[in-house]
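Chemist: Predicted coordinates and the sequence they were generated for:
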Amino acid sequence: MPPQDDVVKARLKALEEVLKIVEYEKPKIIGLGSGSTISLLIDRIANLGLNNLSFVCSSIGSSLRLSSYGFKVLSLESVDQVDLYVDSADEVDPNLDMVKGGGGCLTLEKILAYNSSMRIFVVDYGKLVDRLCLRRPIPLDVIPQAISMVCRKLRSVGFRPEVRLTDRGKFGPLISDIGGVLVDLYIDGGVDNPGKLDMMLKSIPGIVETGLFIGYADLLVVGYPDKVIFKRGKT
Ligand code: 5RP
C-alpha cells in the first residue's frame, strides 16, 4: 500500500484531469460512482461551482453528498441513459478489468456504467495489480433469502465466501443499496479468467451482481503523486 499522503495527492492529480474531460465533453447527465475517490471528485465539483451539471448516482452516499452541496440529483429510474460515467475501483489489472464494491456499492454502479456512452475510471497507482483478487475478495450482492444456499454453492467449488458484517451501527450483515446482503468472495491464488468467473458467478441463482467489472473502462485515469497516466480500454 502506498503512503496515504501520496494516495491523496495521486487521486487529486488524476481527478483534475477528469474534471478537464468533464468540462470538454459537457455531458448533459453525468453518472457518479461511490467511495472516497468519488467523494473527493464531488467536493472538487462543488468548489468549482459546476452548477450546470445534472447527476445521477450509484449510491445513497454519493447522492447525499451531492445534495449537501445543493446539487440536484436525478432518480435512477427517471434516466434511461447517461452521457458520462465516472467511478473508481479497488483493483485494476493490465486488461483494465476491475474489482469494485469494496465500499459496498456495485449493482447500481454496474447498471449506470453499462448504460453510459462514455465510462471513465479514476484510480491512484496503488490500485494497479497484475492479477485480480490476490489481496482482495470479490464483493457480491446477494438476495438475502438465498444467502445460505449461495454460500454453500460457492464453498462447494473451492471459494471462501464471507458475509460482510457492519462494524458499528447495526448488528449483522451489511445491506447493499438495493437491499441485498454483501458477500466477500476470497479466491486463493487470485482470478485466472475474470470474464469467465463473472459469468459463472452470475449463473448462481441469488447472486444479483458481482464486483467484477469486465470491459467497462473506456478510459482509465491513473494518478501518481507527480504525474497522471491514461490507459484506453479495448472497446
Ligand atoms: C464502491 C466502489 C469504489 O469505487 C471502490 O471501492 C474504490 O473506493 P475508494 O475510492 O474509496 O478507494 O466500488 O463500492
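Modeler: Good, I have the coordinates.
Chemist: dump the residue contacts of P94.
Modeler: Neighbouring residues of P94 by C-beta atoms under 8 Å, 6 or more residues apart in numbering: D130. Heads up, the C-betas are built off the backbone N, CA and C, glycines and all.
Chemist: again but with S117, I slipped
Modeler: Q81, V82, D83, L84.
Chemist: Can you list the residue ranges for strands in this structure?
Modeler: In the chain, the segments counted as strands under DSSP state E are 29-32, 54-57, 73-74, 82-87, 91-92, 98-99, 116-124, 138-142, 160-163, 181-186, 207-210, 212-213, 219-223, 228-232.
Chemist: In TSV, list these along with mean pLDDT and distance to the ligand.
Modeler: Shown next, in TSV, are these (pLDDT from 0 to 100; distance: least, C-beta to the nearest ligand atom, whole Å):
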stretch	mean pLDDT	distance to the ligand
strand 29-32	97	10
strand 54-57	96	12
strand 73-74	97	17
strand 82-87	98	5
strand 91-92	98	9
strand 98-99	98	8
strand 116-124	98	8
strand 138-142	98	7
strand 160-163	98	16
strand 181-186	98	9
strand 207-210	98	11
strand 212-213	98	9
strand 219-223	98	11
strand 228-232	98	16
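Chemist: Return the set of buried residues in the longest helix belonging to the chain.
Modeler: For the chain, the longest helix by residue count, based on DSSP state H, is helix 4-25. Of the residues in helix 4-25, 6-15, 17-19, 21-22 count as buried by neighbour count, 16 or more other C-beta atoms under 10 Å.
Chemist: How about stretch 214-225?
Modeler: Across stretch 214-225, burial judged by 16+ other C-beta under 10 Å covers I214, Y216, A217, D218, L219, L220, V221, V222, G223, Y224, P225.
Chemist: so the fourth one makes contact with F230?
Modeler: Spelled out, it's D218. No: D218 lies out of contact with F230 (C-beta atoms under 8 Å); the separation is 10.9 Å.
Chemist: follow-up on the earlier one: and the contacts of S117, which of them are buried?
Modeler: Burial by neighbour count, judged by 16+ other C-beta under 10 Å, picks out V82, L84 from those.
Chemist: Tell me the one of the contacts of S117 nearest N95?
Modeler: Nearest to N95, judged by C-beta to C-beta, of the contacts of S117 is L84 at 22.2 Å.
Chemist: show me the contacts for the closest one.
Modeler: Contacts of L84 by C-beta under 8 Å, 6+ apart are I21, V22, E25, P27, I29, I30, G31, S116, S117, M118, R119, I120.
Chemist: and what of L197?
Modeler: The contact partners of L197, by C-beta under 8 Å, 6+ apart, come to I138, I187, V191, L212.
Chemist: quick one: low-confidence parts of the protein?
Modeler: Scanning the chain with the threshold set as pLDDT under 70 gives 235.
Chemist: give me phi/psi at the residue nearest the centre of the chain?
Modeler: Centroid-nearest residue in the chain, with C-alpha atoms, centre = their mean: K100, separated by 4.3 Å. With angles defined as degrees, to the nearest 10, K100 sits at phi -130, psi 170.
Chemist: And the closest residue to P139 other than its chain neighbours, how far from N115?
Modeler: Nearest residue to P139, sequence neighbours excluded (C-beta to C-beta, 6 or more residues apart in numbering): G101, at 3.1 Å. Going from G101 to N115 by C-beta to C-beta, to the nearest Å gives 18 Å.
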